[in-house]
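**Student:** have a look; sequence and predicted model below, questions after that.
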Amino acid sequence: MTPEGTGFLYPFIEADERDAAGLLEDLTRSAAAKAADSGRLRTATLAGLEAAIERAAEAMARRFERGGRLFTAGNGGSATDAAALAALFSGPPYGRPLPARSLVADEAVLSALGNDVGFDLVFSRQVIAFAGPDDMVVGFSTSGSSVNLLLAFEEARRRGLLTLGLAGHDGGSMAASRCLDHLLVVPSSSVHRVQETQDALALALWTALQRLLGETVARR
Amino acid sequence: MGARSQTDGWWRDVATSALTIARRFASGATLWSISPSWPAHARHVAVEFVHPVIVGKRALPATCLVGRDVVAALRLAARAGDVVVAVAPADDGDVAAVMRHAPAWGLHTVWIGAGPWRPAPGAADHVLWLDTDVVDAAYGGGFVLVYHLLWELTQVCFEHPGLLAAVPETGAEGMCVTCSDEGRLAEVVAVLPGNRASVRSAGRLEDVDVTLIDVPSPGGLVLVHAGSAVAVVGEDT
């Protein structure tokens, strides 16, 4: 970058070139450390919630056998987790496909409800429109306090649906809600780490459910 | 199991990918996320950057492309210097096609995936391959951890503005046409009368002579050198 012999004129450039290597070193160590944190949280949470997951899977299996359907919901990154879970249930790589869809899939419905009646009601209004007493609602929230999920759970409980929440931190408002049949809390205040473990919980739930329905889904 | 047991070299690859992404954002690039097999991942990558989970962090230009023809969509939307992040298995034909065309479009590429089959070496600028079951990666948080880390590390890079300045490209853009003994990848935009064609190389348009080749239709790939298209590049891998 600089001609030889003039480095003394631009010492900061030399320092920057060294610092790129230093920065990469820091980033590398940081990545490995964060991944280790994520792994520990995942392992501990899965172990602690093993019985809760099994209970939830049993309850869901009974409803699927009665013809019930799964609706999933969440906001932001949690919306994509909800979409992914619905996709896993309805179009699994192996095992039994189960009727499931997310309440975040339709931008016309979301924007219409959000615009006309407010975003707090985007999920509860869909529960009113679509859901019946054999159905299930699973809501993802890293804080546990998303109003539109809490209202959806209230509406779902009113109609006899099974309600399952995934939350982070201390469970937030979901922990205080009386409308949740099942609550899986990831005890961390890092949104990213909570999401990663919530995905692992959702997969564990699906795996348990497939086993209860008599499917073999053993993986490496 | 999974990303958490990857080697040091693997985390180094994640770090260099993040630095690339940060540098590209610093020069005004857009990040495009694609995931034909798992559209939720394309959406998740985009929302991570455009609406960060940490209050006060910049909203960065990141968009997902979901839909049938991701190659055509990127050809139209992406500009030279942009970044494509793909979350896909190695046998995803659409993603492989995007990666093949990316140098012609002037794009930087990151391919995140999992499974026993891997993309060929050099298939993307950065290949981040999880040594874990594909279902664990796609549905159990494996991929999510990777792009969460890319976002987190990118934020750290932004704290070092001196290292974000444009780095001379070592790929097609930096090659000297008159002394290079390699062809540059280019995509045919239009065939012109008089044995010429308009092509796009490293995201820039140029006219070249096509006398030497059986020029493909628009969208096809060729190698150009010193003003001429010298070879057709096949689409099959």
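**Tutor:** Here it is on my side, so go on.
**Student:** rest of the way, CA atoms for contacts and neighbours
**Tutor:** Noted.
**Student:** who's in contact with A:Thr28?
**Tutor:** A:Thr28 makes contacts with B:8, B:11-12, B:14-15, as judged by Cα atoms under 8 Å, 6 or more residues apart in numbering or on different chains.
**Student:** strands of chain A, start to end?
**Tutor:** In chain A, the strands defined using DSSP state E lie at A:70-74, A:100-102, A:136-140, A:162-168, A:182-186.
**Student:** tell me how far the residue in chain A that chain B sits nearest to lies from B:Gly194.
**Tutor:** Chain B sits closest to A:Ala200 of chain A, with a gap of 4.1 Å, by Cα to the nearest Cα. For A:Ala200, the distance to B:Gly194 equals 60 Å [Cα to Cα, to the nearest Å].
**Student:** looking at those two, which one has more neighbours?
**Tutor:** A:Ala200 (22 against 9; other Cα atoms under 10 Å in any protein chain shown).
**Student:** is it true that that one touches B:Ala137?
**Tutor:** No. With contact defined as Cα atoms under 8 Å, A:Ala200 does not count as touching B:Ala137 (9.6 Å).
**Student:** show me what from chain B comes close to chain A.
**Tutor:** By the rule Cα under 8 Å from any Cα of the partner chain, the part of chain B lying against chain A is B:3-4, B:8, B:11-12, B:14-16, B:19, B:38, B:40-41, B:43-44, B:47-48, B:53, B:133, B:135-136, B:139-142, B:144-145, B:148-149, B:153, B:156-157, B:162-163.
**Student:** how about a cut-off of 6 Å?
**Tutor:** B:4, B:11-12, B:15, B:40, B:44, B:140-141 (Cα under 6 Å from any Cα of the partner chain).
**Student:** quick one: the worst-scoring helix or strand of chain A on mean pLDDT to chain centroid distance?
**Tutor:** Lowest on mean pLDDT, DSSP states H and E among the helices and strands of chain A sits helix A:11-48, with a mean of 86. Offset of helix A:11-48 from its chain centre (Cα atoms, centre = their mean, to the nearest Å): 24 Å.
**Student:** and stretch B:55-65, by the same measure?
**Tutor:** Here the centre of mass of C-alpha atoms in stretch B:55-65, compared against the chain's by Cα atoms, centre = their mean, lies 18 Å away.
**Student:** same question, stretch A:127-143
**Tutor:** Relative to its chain's centre, stretch A:127-143 lies at 14 Å (Cα atoms, centre = their mean).
**Student:** now it: mean pLDDT?
**Tutor:** Confidence over stretch A:127-143 (mean pLDDT, whole number) is 97.
**Student:** buried sites along that stretch?
**Tutor:** A:127, A:131, A:134-143 (16 or more other Cα atoms under 10 Å in any protein chain shown).
**Student:** would you map the helices across chain B?
**Tutor:** All helices of chain B, identified by DSSP state H, fall at B:8-26, B:39-50, B:70-77, B:93-105, B:134-139, B:142-158.
**Student:** now do the closest residue to A:Arg101 other than its chain neighbours against A:Thr207, distance only.
**Tutor:** Nearest residue to A:Arg101 in three dimensions, chain neighbours excluded: A:Ala86, at 4.8 Å (Cα to Cα, 6 or more residues apart in numbering or on different chains). Taking Cα to Cα as the measure, A:Ala86 falls 14 Å from A:Thr207.
**Student:** higher neighbour count, these two?
**Tutor:** Each of A:Ala86 and A:Thr207 has its neighbours counted (other Cα under 10 Å); A:Ala86 has more, 23 against 20.
**Student:** which residues touch the more buried one?
**Tutor:** A:Ala86 makes contact with A:100-102 under the criterion Cα atoms under 6 Å, 6 or more residues apart in numbering or on different chains.
**Student:** what residues does chain A put near chain B?
**Tutor:** Proximity of chain A to chain B (Cα under 6 Å from any Cα) is limited to residues A:27-28, A:35-36, A:39, A:77, A:80, A:84, A:196, A:199-200, A:203.
**Student:** possible to save those residues as TSV with distance to B:Ala96?
**Tutor:** What follows is these, written out as TSV (distance: Cα to Cα, whole Å):
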residue	distance to B:Ala96
A:Leu27	28
A:Thr28	27
A:Ala35	28
A:Ala36	31
A:Gly39	31
A:Gly77	26
A:Thr80	24
A:Ala84	23
A:Glu196	27
A:Asp199	27
A:Ala200	28
A:Leu203	28
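**Student:** buried subset of those residues?
**Tutor:** Buried by 16+ other Cα under 10 Å: A:27-28, A:35, A:39, A:77, A:80, A:84, A:196, A:199-200, A:203, out of the residues of chain A next to chain B.
**Student:** what about the closest residue to B:Leu221 other than its chain neighbours, distance to chain A?
**Tutor:** Closest residue to B:Leu221 apart from its sequence neighbours, by Cα to Cα, 6+ apart: B:Glu187 at 4.5 Å. In this view, B:Glu187 and chain A are 32 Å apart by Cα to the nearest Cα, to the nearest Å.
**Student:** ok, what's across the strand from B:Glu187?
**Tutor:** On the basis of DSSP bridges, B:Glu187 is bridged to B:Arg200, B:Leu221.
**Student:** before we move on, what about the one 5 residues further on?
**Tutor:** Beta-bridge partners for B:Leu192, by DSSP bridges, are B:Arg196.
**Student:** ok, residue 43 - how many residues close by?
**Tutor:** Defaulting to chain A. A:Thr43 has 12 neighbouring residues, counting by other Cα under 10 Å.
**Student:** meant chain B, my bad for not saying
**Tutor:** 24.
**Student:** what sits against it?
**Tutor:** Taking Cα under 6 Å, 6+ apart, we find B:Arg43 in contact with B:Cys64.
**Student:** so for it, what's the pLDDT?
**Tutor:** Note for B:Arg43: predicted pLDDT of 97.
**Student:** B:Thr237 too?
**Tutor:** At B:Thr237, pLDDT is 45.
**Student:** go on, B:Val177?
**Tutor:** For B:Val177, pLDDT reads 56.
**Student:** ok so, going back, would you mind measuring from the residue nearest to B:Leu221 to B:Ala202?
**Tutor:** On the measure of Cα to Cα, B:Glu187 and B:Ala202 end up 9 Å apart.
**Student:** repeat for A:Arg63
**Tutor:** To B:Ala202, A:Arg63 is 55 Å away according to Cα to Cα.
**Student:** settle it for me: which of the two has more neighbours?
**Tutor:** Shown here are A:Arg63 and B:Ala202; by other Cα under 10 Å, B:Ala202 has more neighbours (23 against 19).
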